[in-house]
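1. attaching a predicted model along with its sequence, questions to come.
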Amino acid sequence: MLHPINGIYLTKNDSVHYFTSHLLHFHLLHFSVLHFYIFTFLHFYIFTFYILHFKLSHFHIIQLSHFLIFTFPNFTSKKYFSIFVTMKIEIWSDIMCPFCYIGKRQLETALAEFPDEEFEIEWKSFQLDPSIPLQSGQDVFTFLAEHKGISVEQSIAMHKDVTERAKSVGLDYHFEKAIVSNSLPAHRIIHLAKTKNLAGEMEEIFFKAYFTEGRDLNDDPTLLELAVSAGLPSDEVLEVLKNDKLFLNDVHTDIIEAKQVGVQGVPFFAFDRKYAVSGAQPVEAFVQTIKELQK
């Protein structure tokens, strides 16, 4: 259930290299208890100085912190750097994917087991079927039957199984209400929400609207209503709906990046670009992944 992907380690930035080389000198000294506390204070002070003086990016802060934590296990603790180190979780997802909503709930349950850990969640776009017409209006049972080459009865049975799985994590699916839609407009609005730090709220509202309430996510008035309920300014949402080019590149960039990372299906969760969980895995899979990164 753990899938390693390309790790990112300390970048040889000149300022970072200079800082760490000086700390290596300190590490060779013999420490008394007093020296330990002096070192800890200087450690934190110099760390902060380099962040401010060299205007290190968030990426460099994280990598430098990880370097110090693992290089100085006797004198460095993650608790000293909790204000700097945030575990980043990137989630490739599609609003039309029932397992993405389930996976979201599984992840949320796992994160609740780490109340002292800081997490940065970034939602990324993915389309399971970009060829769906913008005004499809087809019911999901018929759509899946035609797409998979199975009978409608078989499709209904498959959706019943998914409904039961959703119920196990507290979700109430009503596929009999769902209207098949092209998820592109919703993804563009989610990217608008990202600029307001409301992507998580927007994802939740769209998921519930589609799988529970049977709302049409290709209907502009419906999209406007849902986006405003998430806290987005109505005028900006209307601009996105009127101009189909707005945030289109952002959606495409996410999809291209998914291929580069190795995403073959959604949901897909990348943890600090070091580990990934593919699919709506049990809560334990997410917990195990987080614990691996905490080591």
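-> Thanks, I have the structure now. Predicted, not measured: the structure shown is a model, and the values here were computed from it.

2. helix/strand/coil for His252?
-> helix (DSSP: H, G, I helix; E, B strand; the rest coil).

3. and Gly170, what pLDDT?
-> Note for Gly170: predicted pLDDT of 98.

4. pretty sure it contacts Ile102?
-> No. Using CB atoms under 8 Å as the test, Gly170 is too far from Ile102 to be in contact (9.9 Å). Where C-beta positions appear, they are placed from N, C-alpha and C, glycine not excepted.

5. in the stretch 101-250 of the chain, which spans are strands?
-> Here the stretch 101-250 of the chain has its strands, by DSSP state E, counting those that start in this stretch, at 119-125.

6. ok so, going back, Gly170 and Ile102: who's more crowded?
-> Between Gly170 and Ile102, counting by other CB atoms under 10 Å, Ile102 is the more crowded of the two (25 against 9).

7. not counting its neighbours along the chain, what's nearest that one?
-> Distance criterion CB to CB, 6 or more residues apart in numbering; nearest residue to Ile102, sequence neighbours excluded, is Ala280 at 4.2 Å.

8. which secondary structure element contains the one you found?
-> Assessed by DSSP states H and E, Ala280 sits outside every helix and strand.

9. so how far is Leu128 from it?
-> Separation of Ala280 from Leu128 (CB to CB, to the nearest Å) stands at 14 Å.

10. for those two, indicate the residue with more neighbours.
-> Counted by other CB under 10 Å, Ala280 and Leu128 do not tie: Ala280 has more neighbours, with 24 against 15.

11. quick one, phi psi at the more buried one?
-> The phi/psi pair for Ala280 (degrees, to the nearest 10) reads phi -80, psi 70.

12. next, the contact list for it, please.
-> 99-100, 102-103, 106, 165, 267 (CB atoms under 8 Å, 6 or more residues apart in numbering).

13. just put these in CSV and tack on pLDDT and distance to Ile150.
-> As requested, those are exported to CSV (pLDDT from 0 to 100; distance: CB to CB, whole Å):
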residue, pLDDT, distance to Ile150
Phe99, 98, 18
Cys100, 98, 22
Ile102, 98, 22
Gly103, 98, 24
Gln106, 98, 27
Arg165, 98, 19
Pro267, 98, 24
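
14. take those and lay them out in JSON lines including distance to Asp220.
-> As requested, those are arranged in JSON lines below (distance: CB to CB, whole Å):
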{"residue": "Phe99", "distance to Asp220": "27"}
{"residue": "Cys100", "distance to Asp220": "23"}
{"residue": "Ile102", "distance to Asp220": "28"}
{"residue": "Gly103", "distance to Asp220": "28"}
{"residue": "Gln106", "distance to Asp220": "32"}
{"residue": "Arg165", "distance to Asp220": "32"}
{"residue": "Pro267", "distance to Asp220": "27"}
